[in-house]
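Student: Next one to model:
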Amino acid sequence: MEKGIILTEDIIISKIYMIAGKKVMIDRDLAELYGVETRVLNQAVKRNLKRFPGDFMFQMSEEDLGKWKSQFVISKSERMGLRKAPFAFTEQGVAMLSSVLNSETAIEVNIQIIRIFTRMRGLVFTHKDILVKLEQLENKVLRHDQSIRKHDSDIQLVFEALKKLLQQPEMPRKKIGFKKDNE
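Tutor: Residues are numbered from 1 along each chain as shown. You can find the predicted model right below:
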(Lines give C-alpha, C1' and ligand atoms only; values in the text may rest on other atoms or scores of the structure.)
Protein backbone atom coordinates (compact mmCIF):
# COMPACT_ATOMS: atom_id res chain seq x y z
CA MET A 1 0.00 0.00 0.00
CA GLU A 2 1.39 3.36 -0.95
CA LYS A 3 1.78 6.02 1.69
CA GLY A 4 -1.19 8.35 1.81
CA ILE A 5 -3.71 5.86 0.43
CA ILE A 6 -6.56 5.53 2.87
CA LEU A 7 -8.48 2.28 3.01
CA THR A 8 -12.21 2.61 2.92
CA GLU A 9 -14.29 1.33 5.79
CA ASP A 10 -16.03 -1.07 3.40
CA ILE A 11 -12.75 -2.68 2.35
CA ILE A 12 -11.72 -3.30 5.94
CA ILE A 13 -15.19 -4.48 7.04
CA SER A 14 -15.29 -6.91 4.11
CA LYS A 15 -12.18 -8.57 5.56
CA ILE A 16 -13.62 -9.10 9.05
CA TYR A 17 -15.18 -12.52 9.58
CA MET A 18 -17.00 -14.34 12.36
CA ILE A 19 -15.00 -17.46 13.17
CA ALA A 20 -15.26 -19.51 16.35
CA GLY A 21 -17.65 -16.87 17.71
CA LYS A 22 -15.10 -14.07 17.34
CA LYS A 23 -14.65 -11.21 14.88
CA VAL A 24 -11.32 -11.88 13.22
CA MET A 25 -9.14 -10.93 10.29
CA ILE A 26 -7.19 -13.52 8.32
CA ASP A 27 -3.41 -13.40 7.95
CA ARG A 28 -3.46 -13.13 4.16
CA ASP A 29 -5.96 -10.22 4.21
CA LEU A 30 -3.90 -8.39 6.82
CA ALA A 31 -0.71 -8.97 4.82
CA GLU A 32 -2.41 -7.53 1.74
CA LEU A 33 -3.54 -4.45 3.68
CA TYR A 34 -0.05 -3.97 5.15
CA GLY A 35 1.57 -4.43 1.75
CA VAL A 36 3.65 -7.46 2.74
CA GLU A 37 3.60 -11.13 1.82
CA THR A 38 1.62 -13.45 4.08
CA ARG A 39 4.77 -15.42 4.92
CA VAL A 40 6.51 -12.18 6.05
CA LEU A 41 3.61 -11.35 8.37
CA ASN A 42 3.54 -14.90 9.76
CA GLN A 43 7.34 -14.92 10.27
CA ALA A 44 7.11 -11.68 12.26
CA VAL A 45 4.36 -13.23 14.38
CA LYS A 46 6.32 -16.48 14.92
CA ARG A 47 9.36 -14.49 16.05
CA ASN A 48 7.09 -12.82 18.67
CA LEU A 49 4.74 -15.67 19.64
CA LYS A 50 4.65 -14.58 23.32
CA ARG A 51 2.76 -11.46 22.17
CA PHE A 52 0.00 -13.55 20.58
CA PRO A 53 -1.87 -15.73 23.10
CA GLY A 54 -4.85 -17.82 21.97
CA ASP A 55 -7.36 -15.00 22.44
CA PHE A 56 -5.26 -12.75 20.14
CA MET A 57 -4.54 -15.24 17.36
CA PHE A 58 -5.31 -18.85 16.47
CA GLN A 59 -4.82 -21.15 13.52
CA MET A 60 -8.13 -22.13 11.96
CA SER A 61 -9.30 -25.71 12.36
CA GLU A 62 -10.80 -27.56 9.39
CA GLU A 63 -14.25 -26.73 10.78
CA ASP A 64 -13.34 -23.02 11.12
CA LEU A 65 -11.92 -23.08 7.61
CA GLY A 66 -15.18 -24.51 6.27
CA LYS A 67 -17.24 -21.86 8.06
CA TRP A 68 -14.94 -19.12 6.80
CA LYS A 69 -15.23 -20.36 3.21
CA SER A 70 -19.02 -20.45 3.57
CA GLN A 71 -18.99 -16.69 4.17
CA PHE A 72 -17.96 -16.21 0.52
CA VAL A 73 -20.65 -16.16 -2.12
CA ILE A 74 -18.45 -18.04 -4.58
CA SER A 75 -15.43 -20.04 -3.48
CA LYS A 76 -12.40 -19.78 -5.76
CA SER A 77 -11.52 -23.40 -5.10
CA GLU A 78 -11.77 -25.98 -2.38
CA ARG A 79 -8.60 -24.83 -0.58
CA MET A 80 -8.78 -21.22 -1.90
CA GLY A 81 -5.06 -21.32 -2.71
CA LEU A 82 -4.10 -22.28 0.85
CA ARG A 83 -1.46 -24.87 1.64
CA LYS A 84 -2.27 -24.74 5.35
CA ALA A 85 -5.02 -23.30 7.49
CA PRO A 86 -4.57 -19.53 7.90
CA PHE A 87 -4.10 -17.68 11.17
CA ALA A 88 -7.00 -15.61 12.43
CA PHE A 89 -6.33 -12.45 14.43
CA THR A 90 -8.84 -10.97 16.88
CA GLU A 91 -9.03 -7.23 17.48
CA GLN A 92 -6.35 -7.53 20.18
CA GLY A 93 -4.16 -9.57 17.83
CA VAL A 94 -4.48 -6.94 15.11
CA ALA A 95 -3.48 -4.28 17.63
CA MET A 96 -0.48 -6.38 18.66
CA LEU A 97 0.62 -6.68 15.01
CA SER A 98 1.55 -3.00 15.02
CA SER A 99 4.28 -3.82 17.56
CA VAL A 100 5.84 -6.53 15.38
CA LEU A 101 5.42 -4.84 12.00
CA ASN A 102 7.27 -1.56 12.29
CA SER A 103 6.46 0.00 8.94
CA GLU A 104 4.56 3.26 8.57
CA THR A 105 1.96 1.46 6.47
CA ALA A 106 1.37 -1.15 9.18
CA ILE A 107 0.86 1.57 11.79
CA GLU A 108 -1.58 3.55 9.60
CA VAL A 109 -3.54 0.46 8.60
CA ASN A 110 -3.69 -0.76 12.21
CA ILE A 111 -5.11 2.55 13.38
CA GLN A 112 -7.86 2.34 10.76
CA ILE A 113 -8.65 -1.30 11.57
CA ILE A 114 -8.81 -0.67 15.32
CA ARG A 115 -11.13 2.33 14.78
CA ILE A 116 -13.47 0.15 12.71
CA PHE A 117 -13.43 -2.68 15.29
CA THR A 118 -14.27 -0.07 17.96
CA ARG A 119 -17.11 1.36 15.86
CA MET A 120 -18.46 -2.15 15.24
CA ARG A 121 -18.39 -2.88 18.98
CA GLY A 122 -20.34 0.34 19.58
CA LEU A 123 -22.96 -0.76 17.04
CA VAL A 124 -23.31 -4.10 18.82
CA PHE A 125 -24.03 -2.30 22.11
CA THR A 126 -26.55 -0.05 20.38
CA HIS A 127 -28.26 -3.12 18.93
CA LYS A 128 -28.24 -4.79 22.36
CA ASP A 129 -29.93 -1.71 23.86
CA ILE A 130 -32.58 -1.83 21.13
CA LEU A 131 -33.10 -5.57 21.68
CA VAL A 132 -33.48 -5.04 25.46
CA LYS A 133 -36.06 -2.30 24.87
CA LEU A 134 -37.93 -4.48 22.38
CA GLU A 135 -37.96 -7.33 24.88
CA GLN A 136 -39.28 -5.01 27.61
CA LEU A 137 -42.00 -3.78 25.26
CA GLU A 138 -42.89 -7.34 24.27
CA ASN A 139 -43.17 -8.36 27.95
CA LYS A 140 -45.36 -5.34 28.64
CA VAL A 141 -47.62 -6.21 25.70
CA LEU A 142 -47.80 -9.84 26.83
CA ARG A 143 -48.73 -8.76 30.37
CA HIS A 144 -51.31 -6.39 28.89
CA ASP A 145 -52.65 -9.18 26.66
CA GLN A 146 -52.93 -11.48 29.67
CA SER A 147 -54.72 -8.71 31.55
CA ILE A 148 -57.04 -8.15 28.58
CA ARG A 149 -57.65 -11.90 28.29
CA LYS A 150 -58.55 -11.95 32.01
CA HIS A 151 -60.97 -9.06 31.49
CA ASP A 152 -62.32 -10.73 28.35
CA SER A 153 -62.97 -13.93 30.25
CA ASP A 154 -64.68 -11.99 33.07
CA ILE A 155 -66.87 -10.15 30.55
CA GLN A 156 -67.62 -13.45 28.83
CA LEU A 157 -68.83 -14.89 32.16
CA VAL A 158 -71.15 -11.91 32.64
CA PHE A 159 -72.60 -12.38 29.14
CA GLU A 160 -73.09 -16.09 29.71
CA ALA A 161 -74.93 -15.41 32.98
CA LEU A 162 -77.13 -12.82 31.23
CA LYS A 163 -77.94 -15.24 28.41
CA LYS A 164 -78.93 -17.93 30.91
CA LEU A 165 -81.26 -15.49 32.62
CA LEU A 166 -82.79 -14.48 29.30
CA GLN A 167 -83.26 -18.07 28.18
CA GLN A 168 -85.01 -19.24 31.34
CA PRO A 169 -88.76 -19.43 30.97
CA GLU A 170 -90.65 -16.87 32.99
CA MET A 171 -92.37 -18.36 35.93
CA PRO A 172 -95.50 -16.79 37.23
CA ARG A 173 -94.67 -14.60 40.12
CA LYS A 174 -96.67 -13.42 43.01
CA LYS A 175 -97.65 -9.82 42.80
CA ILE A 176 -95.92 -7.63 45.20
CA GLY A 177 -97.07 -4.48 46.86
CA PHE A 178 -100.29 -3.56 48.76
CA LYS A 179 -102.99 -6.10 48.45
CA LYS A 180 -106.63 -5.54 48.75
CA ASP A 181 -108.50 -8.01 50.79
CA ASN A 182 -110.27 -9.48 47.78
CA GLU A 183 -107.16 -10.13 45.67
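
Student: can you tell me how far the closest residue to residue 107 other than its chain neighbours sits from residue 109?
Tutor: What sits nearest to residue 107 in space, not counting adjacent residues and going by CB to CB, 6 or more residues apart in numbering, is residue 98, at 5.6 Å. The way it works is simple: take the backbone N, C-alpha and C, and place the C-beta from them, glycine included. Relative to residue 109, residue 98 is positioned 9 Å away (criterion: CB to CB, to the nearest Å).

Student: With neighbour numbers in mind, choose between these two.
Tutor: Comparing residue 98 with residue 109 by other CB atoms under 10 Å, the one with more neighbours is residue 109, at 25 against 18.

Student: hang on, the earlier thing: which residues touch the helix or strand where the residue nearest to residue 107 lies?
Tutor: Of the helices and strands defined by DSSP states H and E, residue 98 is found in helix 91-100. Among residues not part of helix 91-100, those counted as contacts by CB atoms under 8 Å, 6 or more residues apart in numbering are 23-25, 30, 34, 41, 44-45, 47-48, 51-52, 55-57, 89, 106-107, 110, 113-114, 117.

Student: still on that earlier bit, what's the distance between the residue nearest to residue 107 and residue 119?
Tutor: Applying CB to CB, one obtains 18 Å for the distance of residue 98 from residue 119.

Student: Show me the helices in this structure, by range?
Tutor: If you assign secondary structure with DSSP state H, the helices in the chain sit at 9-13, 27-34, 38-47, 62-70, 91-100, 104-167.

Student: For the fourth one, give the mean pLDDT please.
Tutor: When you say that, I think you mean helix 62-70. The predicted model assigns helix 62-70 a mean pLDDT of 75.

Student: what does the second one give?
Tutor: Helix 27-34 comes out with an average pLDDT of 90.
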